[in-house]
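Student: Below are the sequence and a predicted model; questions follow.
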Amino acid sequence: SKTKMAAVVRNPNVCLAIFGQFRGLSQRLGVVACSRQCHQVTETKEEELWRQYHETKRLAQEQRPKCKVNPTAVFANNELCMGDVEVYGFDYDYTLAHYTDELYPLIYNLAKERLLMRNKYPESIMALEYMPGFAVRGLHYDIEKALLMKIDAFHHIQLGTVYRGTQAVSDEEVYNLYDGTHVPVEYMSSFHGKGKQMVQLMDMFSLSEMALLCDITEFFIKNGIEYDPEYLFYDVKNAVISVHLSGDMHKAVSEDMDRYLERGEEEAQVLRRLAGAGKKLFLITNSPYWFVQRGMDYIAGPNWMEMFDVVIAEARKPKFFTDTKRPFRELSKKTGTYKFWRVTSLRKGQVYTQGNLQDFRHMTGWYGGRVLYFGDHVYSDLADPFLRHGWRTGAIIPELEGEIKISNSSSYKDTISWLLALQGLIERQQTSSQDPAVQAVLMEWMKEMKDLRLLSKDIFNPQFGSLFRTHHNPTYFSRRLSRFADVYTSSVANLLHFPINYTFYPRRSALPHEINYDS
């Protein structure tokens with residue numbers, strides 16, 4: 001029988017202190033004791049819980065945040081005063097140059113052809129087609145188990161985001177394979193994202209690699225073809241690398257700029273603005289100069305080199321930042337050949353290849369916090385300059401703008417507002433009555449919370465969710481981004497929104513034991 005008890009019914013007109021931002025909602029949203037009009041009625045504990053449930057849900061819907069985040073803003077992990085920056089450096093691919101979505105199937109198909117011609121894979125793989133939107137950047141791939149997955153900042157696998165081929169792996173199998181969801185640090189976490197058993201796929205080009213890996217795995221499984229996961233991984237990886245090193249991708253892009261490359265009028269405005277303000281500019285890219293030259297002509301016009309004080313191509317980052325012995329080579333812009341005399345200075349208007357950061361610093365005198373370098377690869381572009389050399393760093397995250405637009409939507413705000421409010425209800429009732437009927441209510445709520453978490457994932461990507469979050473935790477990608485980038489934004493062009501001496505301040509996010517002043 002249901003246990004009867006006296007319960008306090010709160011004044012329905014009471015005004016609750018509800019957050020202005022998502023964080024802290026679960027701490028404040030719910031039925032709050034009121035010193036004003038209250039009266040006693042007799043109701044079951046179950047009825048009280050469901051009354052609180054409906055009251056809290058109504059308030060969550062009424063009080064969801066109405067503010068929106070600017071998708072083209074610059075976001076700070078660390079305080080950065082642009083007035084202190086004298087030298088600006090840039091990567092090329094996905095930093096100054098942004099590619100259209102046509103690039104992913106191009107790389108996919110060129111790599112697929114190499115698997116057929118060089119590795120003698122079955123001819124029928126040529127029927128495979130690139131799946132747009134299947135994967136997101138920053139995922140981990142288990143080389144030994146042929147599994148693609150998303151891992152959070154605490155090294156836990158996000159259940160529901162583990163794929164063998166194009167098929168989701170059950171939670172039960174994940175538990176059996178990894179003895180839970182935690183992945184040991186030695187498996188996944190070397191300095192540049194490569195571990196004993198796993199590799200993190202961090203750049204935009206890796207979207208093609210992940211899609212091809214999963215498609216070939218699925219092809220082998222469906223056709224009953226035995227395969228070694230490690231051999232498959234390196235076959236695909238080497239095929240993708242070959243697409244870049246052979247120049248086939250560069251040739252295809254340069255022959256059809258309108259199809260593969262986005263116009264960069266605003267990026268060019270940023271460069272002209274910085275150069276006009278007396279800032280020093282340099283370019284360090286792994287791409288060959290002839291490819292960069294054609295792309296920059298398309299983006300910024302034929303006189304783009306006049307804005308740069310130093311241009312370095314084929315730098316082989318991250319080795320450029322760690323090697324101290326590789327000499328610079330001057331490159332003839334006319335013939336494309338190297339000059340093999342010793343480089344003792346880096347001159348404006350000339351092009352250099354290879355080299356190392358130690359010599360770069362000695363020849364330019366550009367040291368430490370006076371330098372701000374922008375790149376899209378958190379490891380290859382940003383980790384070493386930030387940690388080893390004291391440069392300020394800016395991450396260019398092209399996906400950021402799209403994710404912010406989704407998080408600004410009413411449906412997403414409704415989902416997160418109610419998710420956090422429901423989580424707060426569950427948290428507060430955990431120490432209440434152990435009555436089976438009460439526990440049954442909590443079980444219903446926990447099931448709904450699980451469904452809401454799934455919905456908050458699927459709204460970004462049905463397979464892997466957001467680039468930045470695994471439910472309530474940051475992703476491993478987010479963790480590395482916050483570690484190696486002072487600021488991040490979706491495009492270099494977003495700098496146009498701010499004065500050249502602007503200071504970016506990080507949000508003072510409350511630690512779990514602190515008052516949330518932001519709200």
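Tutor: Cool, the structure landed. Numbers count the residues shown, from 1 in each chain.

Student: how near is E267 to E403?
Tutor: 21 Å (Cβ to Cβ, to the nearest Å). Any C-beta I mention is one placed from the backbone N, CA and C, and that applies to glycine too.

Student: So between the two, which is more surrounded?
Tutor: Ranked by neighbour count (other Cβ atoms under 10 Å), E267 and E403 place E267 first, with 23 against 20.

Student: CA atoms only: put the helix or strand hosting that one into PDB for me.
Tutor: Element membership for E267, per DSSP states H and E: helix 265-276. The C-alpha trace of helix 265-276 is given here as PDB (Å, rounded to 0.1, in the frame of the first residue of the first chain):
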ATOM      1  CA  GLU A 265      38.200  38.000 -48.800                       C
ATOM      2  CA  GLU A 266      37.800  38.500 -45.000                       C
ATOM      3  CA  GLU A 267      41.000  36.500 -44.200                       C
ATOM      4  CA  ALA A 268      42.800  38.800 -46.700                       C
ATOM      5  CA  GLN A 269      41.400  41.800 -44.900                       C
ATOM      6  CA  VAL A 270      42.800  40.500 -41.600                       C
ATOM      7  CA  LEU A 271      46.200  40.100 -43.100                       C
ATOM      8  CA  ARG A 272      46.200  43.600 -44.600                       C
ATOM      9  CA  ARG A 273      44.900  45.100 -41.400                       C
ATOM     10  CA  LEU A 274      47.700  43.500 -39.300                       C
ATOM     11  CA  ALA A 275      50.400  44.400 -41.800                       C
ATOM     12  CA  GLY A 276      49.100  47.900 -42.000                       C
END
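
Student: could you say what helices and strands that helix packs with?
Tutor: Under the contact definition 3 or more Cβ pairs under 8 Å, 6 or more residues apart in numbering; DSSP states H and E, helix 265-276 sits against strand 280-284, helix 289-300.

Student: contacts for the shortest one?
Tutor: By that I understand strand 280-284. With contact meaning Cβ atoms under 8 Å, 6 or more residues apart in numbering, strand 280-284 is reached by 86-92, 96, 271, 274-275, 292, 307-312, 315, 317, 320, 364, 366, 373.

Student: Any of these buried? List them.
Tutor: Buried by 16 or more other Cβ atoms under 10 Å: 87-92, 96, 271, 274-275, 292, 307-312, 315, 317, 320, 364, 366, 373, out of those.

Student: Output the longest helix belonging to the protein.
Tutor: helix 436-458 (DSSP state H).

Student: Quick check: next helix or strand after that one?
Tutor: Next element after helix 436-458 (DSSP H and E): strand 469-470.

Student: which is the next helix or strand following that next one?
Tutor: Defined by DSSP H and E, the subsequent element after strand 469-470 is strand 473-474.

Student: What's the first helix or strand after that following strand?
Tutor: helix 476-484.

Student: chain center to that following helix: distance?
Tutor: 8 Å (Cα atoms, centre = their mean, to the nearest Å).

Student: Using CSV, write out every CA atom in it.
Tutor: What follows is helix 476-484, C-alpha atoms only, in CSV (Å, rounded to 0.1, in the frame of the first residue of the first chain):
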residue,chain,number,x,y,z
TYR,A,476,39.2,14.5,-25.0
PHE,A,477,39.5,16.9,-27.9
SER,A,478,38.1,19.7,-25.8
ARG,A,479,40.6,18.9,-23.1
ARG,A,480,43.5,19.2,-25.4
LEU,A,481,42.1,22.3,-27.0
SER,A,482,41.8,24.1,-23.6
ARG,A,483,45.4,22.9,-22.8
PHE,A,484,47.1,24.1,-26.0
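
Student: and that helix, what does it pack onto?
Tutor: So helix 476-484, by 3+ Cβ pairs under 8 Å, 6+ apart, packs with strand 392-396.

Student: Report the buried residues of the next helix or strand after the strand it packs on.
Tutor: Tracing the chain past strand 392-396, the next element assigned as helix or strand by DSSP H and E is helix 400-407. Of all the residues in helix 400-407, those buried under the rule 16+ other Cβ under 10 Å are L400, E401, E403, I404, S407.
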